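Asks: Sharing a sequence plus its predicted fold:
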Amino acid sequence: MAAVLGLLAGSTALADGSARMGEVVLRHVHSSGKFNVSGSVLERDLDRFMAGSDLVTMTEVNTRRRAAALDEQGWRRFWQPGHVAGECGLSWRTSKWDLVRGASQRLTGRTFRAAHKDRRKSVGDAATALLRSVDSGRTVLVSVAHMPSNVESPNGHGWNHQVPDRVRAYKAAILGWRRHVRSMVAQHQPDAVMVTGDWNLDMKRSWVRHWLRSKWDDVGIKNLDWKAPFPHGGTLVDHRFGRTRKRLIDATFLARASYAWDAHLMHDIASSDHNPFQETVALP
């Protein structure tokens with residue numbers, strides 16, 4: 001499920017992917033991980049992610065062993081221990097970026113059932129880091145989260161009314177995430193904002209883009225008139241409900257960034273049941 005939504009504030013990408021004078025380029029990989037994959041498999045894939053990026057964001061980190069894979073030489077991670085607090089993490093190249101502040105934020109107190117007889121589950125915390133460019137001093141606020149799954153109806157035409165507790169938890173988590181990002185933006189005034197992760201809604205659907213636009217426009221993420229960078233692909237190939245759909249459920253939303261370009265899916269990744277995506281973002 002990968003959709004890279006370049007929520008770009010009224011600017012366009014250069015066709016050749018080159019940066020304009022004075023802009024800071026940030027190469028980003030997002031992977032929605034698979035919690036039951038070994039640390040060694042995750043580390044092998046992270047080597048691949050890090051080879052061509054300056055920032056890696058992940059969901060389903062959860063354990064110290066898996067989080068340790070984010071601590072490569074020349075990289076620094078932000079991750080909080082705990083199954084809920086440690087749901088998400090990120091790591092950045094220290095020759096390019098310094099940490100100003102990191103925060104782990106509970107998004108909602110609402111819970112939901114994963115299955116009929118399962119105990120209730122909590123939405124994982126968001127992991128957020130304010131990073132400063134070593135070279136320019138410009139700052140970017142990066143926040144990554146993992147939203148509850150199965151909230152979209154089987155035909156993709158609206159919310160899944162068979163799981164109302166999941167949908168309520170999802171909507172509450174989005175509002176909590178927005179409040180957290182808005183608070184961090186007000187406090188630190190970053191030059192750019194990146195909100196990324198596993199949204200578990202198909203960004204190909206107009207109702208999804210419309211709903212998300214209404215939730216994020218007050219933090220500067222306004223342009224959700226998405227131009228599909230992956231018209232025939234998706235970050236998740238979904239075989240449920242007797243059909244196969246390539247759903248774009250992973251995405252980056254940008255505010256105060258000049259443009260994003262060179263987005264592509266990454267395949268044959270053993271540490272995820274999604275297709276991770278790689279993108280390049282330019283700060284003003």
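Replies: Here it is on my side, so go on.

Asks: Shouldn't residue 67 be within a helix?
Replies: Yes - going by DSSP: H, G, I helix; E, B strand; the rest coil, the assignment for residue 67 places it inside a helix.

Asks: So it versus residue 215, what's the distance?
Replies: When distance is defined by C-beta to C-beta, to the nearest Å, residue 67 is 29 Å away from residue 215. (Glycine included, C-beta is placed from N, CA and C.)

Asks: got any ranges where this protein has weak pLDDT?
Replies: 1-22, 115-117, 222-232, 239-244, 258-261 (pLDDT under 70).

Asks: returning to that earlier point: and residue 67 and residue 215? Which one has more around it.
Replies: For the pair residue 67 and residue 215, the greater number of neighbours falls to residue 67 (21 against 14), based on other C-beta atoms under 10 Å.

Asks: Contacts only, for the more buried one.
Replies: Contacts of residue 67 were listed using C-beta atoms under 8 Å, 6 or more residues apart in numbering, and they are 61, 77, 79, 81, 86, 89.

Asks: run the last query once more with 6 Å
Replies: For residue 67, the contacting residues are 61, 79, 89, by C-beta atoms under 6 Å, 6 or more residues apart in numbering.

Asks: Same question for residue 199.
Replies: Contact analysis of residue 199 by C-beta under 6 Å, 6+ apart lists 147, 249, 251.

Asks: same question, residue 192
Replies: Residue 192 sits in contact with 140, 256, 257, 283, where contact means C-beta under 6 Å, 6+ apart.

Asks: and what of residue 105?
Replies: 125, 126, 180.

Asks: If we ignore the residues flanking it in sequence, what's nearest it?
Replies: Take residue 105 and drop its neighbours on the chain: the residue closest to it by C-beta to C-beta, 6 or more residues apart in numbering is residue 180, 4.3 Å away.

Asks: Surely the one you found forms part of a helix?
Replies: Yes - when three-state DSSP is applied, residue 180 is found to be in a helix.

Asks: Most neighbours out of the contacts of residue 67, which is it?
Replies: Per-residue neighbour counts (other C-beta under 10 Å) across the contacts of residue 67 peak at residue 61, which has 27 neighbours.

Asks: residues contacting it?
Replies: With contacts taken as C-beta under 6 Å, 6+ apart, residue 61 has the following neighbours: 67, 79, 86, 89.

Asks: CA-only coordinates of the helix or strand where residue 99 lies in PDB, if you can.
Replies: Here residue 99 is covered by strand 97-105, with elements defined by DSSP states H and E. What follows is strand 97-105 as a C-alpha-only set of coordinates in PDB (Å, rounded to 0.1, in the frame of the first residue of the first chain):
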ATOM      1  CA  TRP A  97      21.000  15.800  10.100                       C
ATOM      2  CA  ASP A  98      21.100  16.500  13.800                       C
ATOM      3  CA  LEU A  99      18.300  15.800  16.300                       C
ATOM      4  CA  VAL A 100      16.800  18.900  17.900                       C
ATOM      5  CA  ARG A 101      14.000  17.100  19.700                       C
ATOM      6  CA  GLY A 102      12.300  13.700  19.700                       C
ATOM      7  CA  ALA A 103       8.800  12.800  21.000                       C
ATOM      8  CA  SER A 104       6.600   9.800  21.300                       C
ATOM      9  CA  GLN A 105       2.900  10.600  21.400                       C
END
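
Asks: returning to that earlier point: pick the one among the contacts of residue 67 closest to residue 194.
Replies: Taking C-beta to C-beta as the measure, residue 194 sits nearest to residue 89 out of these, at 14.8 Å.

Asks: Residue 77: neighbour count?
Replies: For residue 77, using other C-beta under 10 Å, the count is 21.

Asks: Wasn't it part of a strand?
Replies: Yes - applying three-state DSSP, one finds residue 77 inside a strand.

Asks: Tell me the spacing between the residue lying closest to residue 107 once chain neighbours are set aside and residue 145.
Replies: Leaving aside its chain neighbours, residue 107 sits nearest to residue 176 (3.7 Å; criterion: C-beta to C-beta, 6+ apart). Remark: distance between residue 176 and residue 145 (C-beta to C-beta) = 9 Å.

Asks: And stretch 64-77, what's buried?
Replies: Neighbour-count burial for stretch 64-77, with 16 or more other C-beta atoms under 10 Å as criterion, is recorded at 66, 67, 69, 70, 72, 75, 76, 77.

Asks: And those residues, which two are furthest apart?
Replies: The two members of the buried residues of stretch 64-77 with the most space between them (C-beta to C-beta) are 66 and 76, at 16.5 Å.
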